[in-house]
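K.L.:
Prediction below, plus the sequence it came from.
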Amino acid sequence: MRVHYLQHVPFESLGSIESFLIAKGHTITCTKLYDNQTLPPVKNIDCLIVMGGPMGIYDEDEYPWLKAEKKFIDEAISLHKFVLGICLGAQLIADVLGAKVYKNEHKEIGWFNITRSSELEATILSKAIPQEIEVFHWHGDTFDIPVGAVPIAKSQACRHQGFIKDDHVVAFQFHLETTFQSAQLLIENCFDDMDSSTYVQSKKQILSNSQRFLDINAVMSSVLETIAIL
């Protein structure tokens with residue numbers, strides 16, 4: 001299996017996804033968009049993973065590679081590749097599928113529960129995502145659910161926590177791949193986001209229990225195991 005991922009900043013990589021893919025013997029390649037690396041031909045990959053980042057999907061003037069990235073995601077979806085987007089990656093997929101992406105009422109940073117949508121039962125993720133689970137968040141934007149997609153979950157701070165479309169396009173607003181180490185990097189590089197508002201936790205709260213990261217990483221593995229092509 002040829003898995004390609006798009007990385008927007010040096011401090012947001014695959015997290016726990018990388019060890020899962022390596023253990024399964026999959027080939028992993030990456031385009032570091034922040035280094036202006038060239039995107040590969042979509043036909044040369046089987047699975048696309050679009051990672052997070054502090055920029056917005058609308059920041060094309062500051063990050064001109066966003067335009068080419070959106071076209072790449074659109075082509076991957078059209079060719080029926082499996083596409084997984086996380087945080088910014090989820091917002092990019094929503095935009096490509098014609099849904100609105102905009103500022104959420106609240107920033108959501110830290111550990112908060114999500115409640116699964118009843119509609120998820122009819123999808124491949126029905127057994128992979130628990131009915132309610134505490135997950136890691138770091139976002140200020142949100143999106144509408146694209147036409148034809150099924151919502152994944154909601155939280156108190158954010159109504160739309162993800163969606164799945166045609167059982168091969170998955171978008172997670174939340175993070176299941178974050179490790180203790182990658183959370184530390186996020187805090188170091190995006191500390192200005194931590195404004196102590198209602199749904200923004202402190203560094204101490206985020207890093208207080210390392211088991212939390214192992215728990216969400218196990219769910220991430222279950223999601224990947226569920227995907228037939230993997």
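P.N.:
Great, that's in hand.
K.L.:
what ranges do the strands span in the chain?
P.N.:
Defined through DSSP state E, the strands belonging to the chain, from first to last, are 2-7, 27-32, 47-50, 82-86, 101-116, 132-143, 150-151, 153-154, 162-165, 169-172.
K.L.:
And the longest one, what does it pack against?
P.N.:
Packed against strand 101-116 by the contact rule (3 or more CB pairs under 8 Å, 6 or more residues apart in numbering; DSSP states H and E) you find helix 88-96, strand 132-143, strand 153-154, helix 203-207. The C-beta positions use only the backbone N, C-alpha and C, and glycine is treated the same way.
K.L.:
ok, and which of these has the densest surroundings?
P.N.:
Each of these was assessed for mean neighbour count using mean count of other CB atoms under 10 Å. The highest is helix 88-96, with a mean of 27.
K.L.:
quick check: mean pLDDT across that helix?
P.N.:
pLDDT averaged over helix 88-96 equals 98, rounded to a whole number.
K.L.:
sorry, back to before: with distance to M220 added, can I get the strands of the chain in CSV?
P.N.:
Compiled in CSV, the strands of the chain are given as follows (distance: least, CB to CB, whole Å):
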stretch, distance to M220
strand 2-7, 14
strand 27-32, 15
strand 47-50, 11
strand 82-86, 10
strand 101-116, 14
strand 132-143, 10
strand 150-151, 19
strand 153-154, 14
strand 162-165, 13
strand 169-172, 9
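K.L.:
My read is that I187 contacts S202, right?
P.N.:
No - with contacts defined as CB atoms under 8 Å, I187 does not count as touching S202, sitting 9.5 Å away.
K.L.:
A218 is nearest to which of the strands of the chain?
P.N.:
Across these, A218 has its closest neighbour in strand 132-143 (10.5 Å, CB to CB).
K.L.:
Distance from the chain centre to the closest one, please.
P.N.:
When C-alpha coordinates are averaged (CA atoms, centre = their mean, to the nearest Å), strand 132-143 and its chain have centres 10 Å apart.
K.L.:
what's the answer for stretch 2-22, then?
P.N.:
Averaging C-alpha positions (CA atoms, centre = their mean) puts stretch 2-22 11 Å from its chain's average.
K.L.:
Work out which residue lies at the spatial centre of the chain.
P.N.:
Within the chain, the residue whose C-alpha comes closest to the C-alpha centroid is I86; the distance, by CA atoms, centre = their mean, is 0.7 Å.
K.L.:
List the contacts of I227.
P.N.:
The neighbours of I227, taking CB atoms under 8 Å, 6 or more residues apart in numbering as the test, are C47, F82, I124.
K.L.:
Would you reformat those residues as JSON lines and include pLDDT, distance to V135 and neighbour count?
P.N.:
What follows is the contacts of I227, written out as JSON lines (pLDDT from 0 to 100; distance: CB to CB, whole Å; neighbours: other CB atoms under 10 Å):
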{"residue": "C47", "pLDDT": "96", "distance to V135": "22", "neighbour count": "23"}
{"residue": "F82", "pLDDT": "96", "distance to V135": "21", "neighbour count": "22"}
{"residue": "I124", "pLDDT": "95", "distance to V135": "19", "neighbour count": "15"}
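K.L.:
Among those residues, which one sits closest to L207?
P.N.:
If you rank these by distance to L207 using CB to CB, C47 comes first, at 30.8 Å.
K.L.:
can you tell me which helix in this structure is longest?
P.N.:
In the chain, taking DSSP state H as the definition, the longest helix is helix 211-226.
K.L.:
State the distance from the residue nearest to E18 when sequence neighbours are not counted to H160.
P.N.:
Closest residue to E18 apart from its sequence neighbours, by CB to CB, 6 or more residues apart in numbering: I28 at 6.9 Å. Computed as CB to CB, to the nearest Å, the I28 to H160 distance reads 29 Å.
K.L.:
Cool, thanks, talk later.
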